[in-house]
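Trainee: kindly generate the corresponding structure for this input.
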Amino acid sequence: MTFKRSLFHILLFASAVLGLFASGVSAADKSPAPPASFKVEVVGKGKPIILIPGLMCSGSVWDATVAHYRDRYECHVLTLAGFAGQPATTDAPFLEKVRTDLAAYIRERKLVKPVIIGHSLGGVLALWLASREPDLLGKIVIVDSLPFLGATMSPDGTVATAKIVAASMRDSMVSTTPENWRKFQKSSPWLPGMVGDKTKLPLIVKWAEDSDPRTAGNAMYEIMTNDLRGDLKRITTPTLVFGSWVGLGPQASKDSVTKIFREQYAGLPGYQLRIAETARHFIMYDEEAWFLGEVDAFLKG
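Mentor: Numbering: from 1, shown residues only. The predicted structure follows:
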């Protein structure tokens, strides 16, 4: 298996973000209810931060991040419909609906220049929204996401070639039975390689088991075939990008992954790139102190 193929699979099945907090959730308010495409928990007070989920994850992946920022920021933690036990929606295209609903949510809640932190699929959504609504957002933090995941399949990967593979994967996922879906997640060879802190692995597997395969398949297809590289020039907000390389196979190195990230983000003016030394895809788990320190410096700058 080539490194690029390995990277493709690692990012493909990645997930992560947002969730339910046992305590400290702000009291119910009179603001408009969120749309059916995502659930929101609001934690803390201060300037707004929005945390967007990745594929098939609960927001509890962001517990430490929220605990770190809740005294200074109002954290709006999303869980996307159909992920980690949330009811699925029939809206399609799904991620496009999430993007438009999130823009409406920001306006309806009168959130002024919110910071957005997105992991994996959530990072794609952050880039997409920032390119479509450049004046709506504050700073954005992208955690192990690429503007065109389909390009990792081959050096000259295109949307057309990505659609062929992505369609096959999507069709396989949406046609599976609930029983087979749960069995696959429990035995998945991809999920264990995404996190170094193995105490977190049972959570990640459970989130995947509890996700709707049709929603996951359709969302996967969208991130695989949506090429945002040409749209990056529209993004005017300061952007911090995190990447990881550990666990991507014997051919991967920090230098080779850095090259991929720089190639994909070449069209984004003035972004900052940080490549983790030891973290796998769930950077916020594996290098928590480093991750939060880098985000702190970025938000203060």
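Trainee: what sits against F261?
Mentor: Contacts for F261 (CB atoms under 8 Å, 6 or more residues apart in numbering) come out as 146, 241, 243, 273, 275. C-beta coordinates here come from the backbone N, C-alpha and C atoms, glycine included.
Trainee: from what I can see the fourth one touches E263, true?
Mentor: No - taking CB atoms under 8 Å as the definition, L273 is not a contact partner of E263, at 11.4 Å.
Trainee: excluding sequence neighbours, find me the nearest residue to L146.
Mentor: With sequence-adjacent residues excluded and distances taken as CB to CB, 6 or more residues apart in numbering, L146 is closest to Q264, at 4.9 Å.
Trainee: ok, that neighbour touching R229?
Mentor: Yes - at 6.2 Å, Q264 counts as touching R229 under the criterion of CB under 8 Å.
Trainee: list residues touching both of those two?
Mentor: Common neighbours of Q264 and R229 (criterion: CB under 8 Å, 6+ apart): 147-148, 151.
Trainee: and the residue lying closest to A92 once chain neighbours are set aside, backbone torsions?
Mentor: Excluding its sequence neighbours, the residue lying closest to A92 (CB to CB, 6+ apart) is N218, at 6.6 Å. Dihedral angles of N218 (phi, psi; degrees, to the nearest 10) stand at phi -70, psi -40.
Trainee: what's the answer for L248, then?
Mentor: When read as degrees, to the nearest 10, the backbone of L248 gives phi -90, psi 10.
Trainee: how much space between it and I260?
Mentor: Relative to I260, L248 is positioned 10 Å away (CB to CB, to the nearest Å).
Trainee: likewise I275?
Mentor: According to CB to CB, I275 and I260 sit 10 Å apart.
Trainee: hang on, the earlier thing: tell me which of the shared contacts of Q264 and R229 has the lowest pLDDT.
Mentor: Confidence by pLDDT is poorest for A151 among the shared contacts of Q264 and R229, given 86.
Trainee: wait, what's in contact with it?
Mentor: Contacts for A151 (CB under 8 Å, 6+ apart) come out as 157, 162, 227, 229, 264.
Trainee: residues touching M284, list them.
Mentor: 16, 61-62, 64-65, 119, 143, 291.
Trainee: may I ask which helix or strand encompasses it?
Mentor: According to DSSP states H and E, M284 maps onto helix 283-286.
Trainee: can I get the helix or strand following that helix in CSV, CA atoms only?
Mentor: Once the chain leaves helix 283-286, the next helix or strand it forms, by DSSP H and E, is helix 288-300. This file holds the C-alpha atoms of helix 288-300, laid out as CSV (Å, rounded to 0.1, in the frame of the first residue of the first chain):
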residue,chain,number,x,y,z
GLU,A,288,-3.1,17.9,23.9
ALA,A,289,-0.8,20.4,25.6
TRP,A,290,1.1,21.3,22.4
PHE,A,291,-2.2,21.6,20.5
LEU,A,292,-3.8,23.9,23.0
GLY,A,293,-0.6,26.0,23.3
GLU,A,294,-0.5,26.5,19.6
VAL,A,295,-4.1,27.5,19.4
ASP,A,296,-3.7,29.9,22.4
ALA,A,297,-0.8,31.7,20.6
PHE,A,298,-2.8,31.9,17.4
LEU,A,299,-5.9,33.3,19.0
LYS,A,300,-3.8,35.9,20.9
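Trainee: buried residues in helix 288-300?
Mentor: Taking 16 or more other CB atoms under 10 Å as the neighbour-count basis, helix 288-300 is seen to contain the buried residues 288, 290-292, 294-295, 298-299.
Trainee: just the helices in the stretch 201-301 of the chain please.
Mentor: With DSSP state H, counting those that start in this stretch as the criterion, the stretch 201-301 of the chain has helices at 201-209, 213-225, 254-264, 283-286, 288-300.
Trainee: what's the closest of the ones you listed to I49?
Mentor: Nearest to I49 among the helices of the stretch 201-301 of the chain is helix 288-300 (8.8 Å), distances taken as CB to CB.
Trainee: what score does the residue nearest to L146 have for pLDDT?
Mentor: If you check Q264, the pLDDT there is 96.
Trainee: go on, A279?
Mentor: What the model reports for A279 is a pLDDT of 97.
Trainee: re earlier: neighbour-wise, which of Q264 and R229 wins?
Mentor: Per other CB atoms under 10 Å, whichever of Q264 and R229 has more neighbours is Q264, with 22 against 17.
Trainee: what subset of the contacts of M284 is buried?
Mentor: Among the contacts of M284, those classed as buried by 16+ other CB under 10 Å are 16, 61-62, 65, 119, 143, 291.
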